[in-house]
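Enquirer: Here is my input; please provide its structure:
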Amino acid sequence: MMLSYTSIFNTDDIIQDEPHRSNRSHEVNANDRIATVPMIGYPATHTHLPTVVAAHTSSIRMPRLEISPSELGDFVSQARRDTSCRGFVSTAPHKAQLVSLVDELTETSAALGLCNVVERDRSGRLRGGMTDGAAAVLALDEAGYQGEATAALIVGSGAAGLTIADSLISVGVTRVILNDIDPKAVEHACSILGRHRDNIEVVKGARGERDDEMAAAILVNASTLGLSDDDAMPFEDSVVETAAAVIDVTTKRTRLQDLARRSGRVTISGRDLAHAQLRPVLDHVGIDPMNLDRKKGEELQ
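Expert: Here you go, the predicted model:
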């Protein structure tokens with residue numbers, strides 16, 4: 001189905017907290033001072049960054065758009081042509097597919113084969129980047145983490161797990177153990193990290209298999225474990241209790257997060273990651289976060 005997204009970038013009837021689909025077309029308002037940077041995904045309902053943006057500023061509009069993989073090419077083409085588009089942000093499942101649809105990639109995005117944010121310049125040229133990992137490191141810093149962990153145990157080897165692993169390596173982690181129910185995902189992630197980073201050890205593991213080697217490691221749950229209350233814990237309790245820090249990409253409160261906090265571990269939730277995404281995402285699309293029209297009395301939590 002051919003979709004028209006001109007209305008997404010220019011109308012005032014967008015509901016921030018609901019996915020928006022439209023085939024209406026509207027004229028561009030040249031005097032509109034509100035930058036529109038859509039969040040696309042399939043689904044897009046679970047993403048928290050648009051809520052962060054809405055709470056932080058009235059200068060940026062970030063509607064959630066339900067874009068299926070088959071619609072992604074049409075969306076990118078129309079975003080490229082729309083002069084009011086500053087760029088867009090993406091969640092699953094588009095991060096790999098977007099790499100082939102943009103004109104230029106940052107070094108990290110090209111190395112990982114992933115893209116979660118796209119800038120459109122005035123000529124319509126699209127530059128893709130990957131900020132998930134940078135946000136994880138920034139979130140650790142903002143949470144007061146001052147450890148010197150050299151190991152990370154990561155459950156989930158998809159886009160989130162791969163980019164977080166890469167960024168942790170960039171700040172001193174030298175040993176990464178990747179766990180995933182999909183052996184091919186682990187193989188792929190190990191191969192990419194091995195090519196992109198020097199002097200590191202990337203190994204495959206299974207839950208519990210290497211727990212005794214992971215004392216004082218950074219734990220990362222980059223899987224869907226925790227979305228359901230019946231899910232198994234991604235890590236053994238004893239490993240969580242001795243971890244250097246715990247990162248859980250899940251935006252809802254989970255048993256993993258509760259245990260980590262009770263154990264006095266630095267704990268980063270999916271919502272924390274969304275807050276940390278604000279700066280690198282806006283920076284990539286050319287918006288200075290310090291110059292935003294911030295909402296009075298509103299602070300990021």
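Enquirer: Buried residues, stretch 224-239. List them.
Expert: 225-226, 233-235, 239 (16 or more other Cβ atoms under 10 Å). For every residue, glycine as well, the C-beta is placed using N, CA and C.
Enquirer: List just the nearest of those residues to Ala135.
Expert: For the buried residues of stretch 224-239, the residue nearest Ala135 by Cβ to Cβ is Gly226; the value is 18.6 Å.
Enquirer: wait, the closest one sits on Arg255?
Expert: Yes. With contact taken as Cβ atoms under 8 Å, Gly226 and Arg255 are classed as touching, separated by 7.1 Å.
Enquirer: contacting residues for Asp121?
Expert: Taking Cβ atoms under 8 Å, 6 or more residues apart in numbering, we find Asp121 in contact with Arg127.
Enquirer: Please report phi then psi for it.
Expert: Backbone torsions for Asp121, taken as degrees, to the nearest 10, come to phi -90, psi -180.
Enquirer: And the next helix or strand past the worst-scoring helix or strand of the chain on mean pLDDT?
Expert: Least confident helix or strand, the chain: helix 6-10 with a mean of 47, by mean pLDDT, DSSP states H and E. For helix 6-10, the following helix or strand on the C-terminal side (DSSP states H and E) is strand 35-36.
Enquirer: start to end distance for stretch 233-246?
Expert: One end of stretch 233-246 to the other measures 13 Å (Cα to Cα, to the nearest Å).
Enquirer: do stretch 174-190 as well
Expert: The straight-line separation of the ends of stretch 174-190 (Cα to Cα) is 13 Å.
Enquirer: tell me the mean pLDDT over that stretch?
Expert: Confidence for stretch 174-190, expressed as mean pLDDT, is 91.
Enquirer: If we go by neighbour counts, what in it is buried?
Expert: Residues 175-180, 185-186, 188-190 are the ones in stretch 174-190 that count as buried (16+ other Cβ under 10 Å).
Enquirer: Likewise for stretch 40-50?
Expert: 40-42, 44, 47-50.
Enquirer: what pLDDT, on average, does that stretch get?
Expert: For stretch 40-50, mean pLDDT rounds to 92.
Enquirer: Mind putting the buried residues of stretch 174-190 into a markdown table with secondary structure and distance to Leu278?
Expert: Formatted as a markdown table, these follow (DSSP: H, G, I helix; E, B strand; the rest coil; distance: Cβ to Cβ, whole Å):
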| residue | secondary structure | distance to Leu278 |
| --- | --- | --- |
| Arg175 | strand | 31 |
| Val176 | strand | 27 |
| Ile177 | strand | 30 |
| Leu178 | strand | 28 |
| Asn179 | strand | 29 |
| Asp180 | coil | 29 |
| Ala185 | helix | 28 |
| Val186 | helix | 31 |
| His188 | helix | 29 |
| Ala189 | helix | 26 |
| Cys190 | helix | 31 |
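Enquirer: which residues touch Ala165?
Expert: 133, 152, 154, 173, 176, 178, 189, 193, 202, 220 are the contacts of Ala165 under Cβ under 8 Å, 6+ apart.
Enquirer: Apologies, that question was intended for Asp237.
Expert: Counted by Cβ under 8 Å, 6+ apart, Asp237 has contacts Leu259.
Enquirer: try it again with 10 Å
Expert: 255-256, 259, 263 (Cβ atoms under 10 Å, 6 or more residues apart in numbering).
Enquirer: ok, for the residue positioned nearest the centre of the chain, nearest residue in space, not its chain neighbours?
Expert: In the chain, the residue lying closest to the centroid (Cα atoms, centre = their mean) is Asp132, at 3.8 Å. In this structure, Asp132 finds its nearest non-sequential neighbour in Thr163, 4.4 Å apart by Cβ to Cβ, 6 or more residues apart in numbering.
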